[in-house]
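Peer 1: what's the 3D shape of this:
(one chain, ligands or ions: 2)
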Amino acid sequence: MKQPRAMTIAGSDSGAGAGIQADLKTFAALDVYGTSAITAITVQNTLGVRDVLEMPTTLVTEQIDAIMEDIGTDSAKTGMLASSPLIEAVAASVRKWNLRLVIDPVMRAKGGDPLLQDEAVSTLRSVLLPLAEVVTPNLPEAETLIGKRITSLEEMREAARIIHDQGPRHVVVKGGHALGDPIDIYFDGSHFSEFRAERIDTPHTHGTGCTFSAAIAAFLARGSSVYDAVYAAKQYITEALRHAPGIGHGHGPVNHFWLHAPALPAVLSTAVSQIGE
Ligand SMILES: Nc1ncnc2c1ncn2[C@@H]1O[C@H](COP(=O)(O)OP(=O)(O)OP(=O)(O)O)[C@@H](O)[C@H]1O
Ligand SMILES: Cc1ncc(CO)c(N)n1
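Peer 2: Numbering: from 1, shown residues only. Ligands and ions are numbered 1, 2, ... in the order given. This is a model prediction of the structure:
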């Protein structure tokens with residue numbers, strides 16, 4: 001049987017809680033073959049971002065071409081895109097390969113460090129958003145995209161409608177940054193839905209947006225409708241937060257593999273103990 005395939009076009013996080021690393025773990029956990037085109041390398045841990053190196057645009061284009069000319073993909077997602085030239089290059093590849101795209105419009109890391117140049121927001125809005133099957137802004141990102149504050153569920157719905165007018169076919173305005181139980185607003189251009197979950201009381205929320213959007217891409221690759229993919233991704237991120245391993249001294253990662261048995265199966269435990277002898 002052919003394994004579903006998903007591609008992430010995003011930045012590397014050396015702490016491996018967000019970015020490319022979170023996306024590939026999410027794909028693997030959901031039994032999807034993951035490929036990656038790296039847009040930038042961040043020097044990062046759970047405490048913050050220390051440095052960023054952007055890749056040359058040609059290298060990003062070439063990574064996507066190399067994947068598509070051989071392996072192909074059933075869906076793709078974007079994360080950190082850093083700058084206008086990188087967004088333009090990614091948009092050209094999305095058009096060239098007709099990628100089914102989930103956009104996580106990453107602007108800042110959890111601690112506030114910038115991951116997208118301010119001047120690149122308008123390129124993101126005008127060049128990339130129209131190519132999206134789904135876009136998943138958090139509250140500050142949605143505020144930036146629409147240019148006004150969001151203080152209620154009604155304003156989240158209004159934001160989803162305005163962002164939908166910018167071109168994506170489905171919008172999920174995430175409520176993780178609001179108080180109380182997180183409610184994500186979904187809009188498909190005619191109907192609104194609310195995806196509700198209990199708030200997990202944890203500081204370990206690094207990479208929740210990356211993980212959520214990667215899970216949507218994974219479920220799309222597996223053949224789900226967009227609505228079902230968002231619904232399943234919401235369950236996946238809630239449990240991943242609940243089972244966070246408590247790694248690092250700041251905002252630690254979630255547990256991408258919460259749905260897998262914690263103990264090694266017998267055949268592997270035997271192999272591991274033999275290696276140890
Ligand atoms: N403490 C929490 N408990 C339960 N669900 C949460 C919590 N925090 C976020 N979520 C959910 O996780 C998903 C990601 O939302 P969030 O708003 O945190 O993304 P984000 O800010 O883009 O993440 P990041 O920038 O760290 O990658 C959403 O479905 C949101 O409702
Ligand atoms: C590389 C990277 N992408 C995305 C995020 C957002 O969580 C992050 N912290 N780092």
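
Peer 1: So which residues on the stretch 151-277 of the chain come close to ligand 1?
Peer 2: Proximity of the stretch 151-277 of the chain to ligand 1 (C-beta under 6 Å from any ligand atom) is limited to residues 174-177, 182, 184, 197, 199-200, 205-210, 212, 234, 237-238, 241. To be clear about C-beta, it is placed using only N, CA and C from the backbone, and glycine gets the same treatment.

Peer 1: Tell me which entries of these lie within strands.
Peer 2: Using DSSP state E, D184 are the members of these that sit in strands.

Peer 1: Now restrict the residues of the stretch 151-277 of the chain next to ligand 1 to buried residues only.
Peer 2: 174-176, 182, 184, 197, 200, 205-210, 212, 234, 237-238, 241 (16 or more other C-beta atoms under 10 Å).

Peer 1: Kindly report the residues of the stretch 151-277 of the chain close to ligand 2.
Peer 2: Checking the stretch 151-277 of the chain against ligand 2 by C-beta under 6 Å from any ligand atom, the hits are G207, G209, C210.

Peer 1: re the thing from before, among the buried ones among the residues of the stretch 151-277 of the chain next to ligand 1, which lie within helices?
Peer 2: The helices, defined by DSSP state H, take in T208, G209, C210, F212, K234, I237, T238, L241 from these.

Peer 1: Would you indicate which residues of the helix or strand that contains Q274 are buried?
Peer 2: Here Q274 sits within helix 266-276, counting by DSSP states H and E. Of all the residues in helix 266-276, not one is buried under the rule 16+ other C-beta under 10 Å.

Peer 1: now for it, which elements pack on it?
Peer 2: Judged by 3 or more C-beta pairs under 8 Å, 6 or more residues apart in numbering; DSSP states H and E, helix 266-276 is in contact with no other helix or strand.

Peer 1: Could you give the separation of stretch 232-244 from the chain centroid?
Peer 2: Taking C-alpha atoms, centre = their mean, to the nearest Å, one finds stretch 232-244 lying 13 Å from the centre of the chain it belongs to.

Peer 1: And the contacts of the helix or strand hosting K96?
Peer 2: For K96, the enclosing helix or strand under DSSP H and E is helix 84-97. Counting contacts by C-beta atoms under 8 Å, 6 or more residues apart in numbering, the residues outside helix 84-97 that touch it are 9, 39-40, 54-55, 57-58, 60-61, 64-65, 68, 76, 78, 81, 99, 101, 117, 119-120, 123-124, 127-128, 131.

Peer 1: and that helix, what's its mean pLDDT?
Peer 2: Mean per-residue pLDDT for helix 84-97: 98.

Peer 1: Could you do stretch 37-45 as well?
Peer 2: Rounded mean pLDDT across stretch 37-45 is 98.

Peer 1: any residue of it up close to ligand 1?
Peer 2: No. Using C-beta under 6 Å from any ligand atom, stretch 37-45 stays clear of ligand 1, coming no nearer than 11.7 Å.

Peer 1: Show me which residues of that stretch are buried.
Peer 2: A37, I38, T39, A40, I41, T42, Q44, N45.

Peer 1: hang on, the earlier thing: please list the outside residues in contact with the helix holding Q274.
Peer 2: In this structure, residues lying in contact with helix 266-276 by C-beta under 8 Å, 6+ apart are A263, L264.

Peer 1: Who does the closest residue to R100 other than its chain neighbours form a beta bridge with?
Peer 2: Counting by C-beta to C-beta, 6 or more residues apart in numbering, R100 lies nearest to S75, which is 4.7 Å off, once chain neighbours are set aside. In this entry, S75 is beta-bridged to A6, by DSSP bridges.

Peer 1: Tell me how many other residues crowd S75.
Peer 2: Residues near S75, counting by other C-beta atoms under 10 Å, number 26.

Peer 1: cool, G147 as well?
Peer 2: 8.

Peer 1: now do H260
Peer 2: Neighbour tally, H260, other C-beta under 10 Å: 10.
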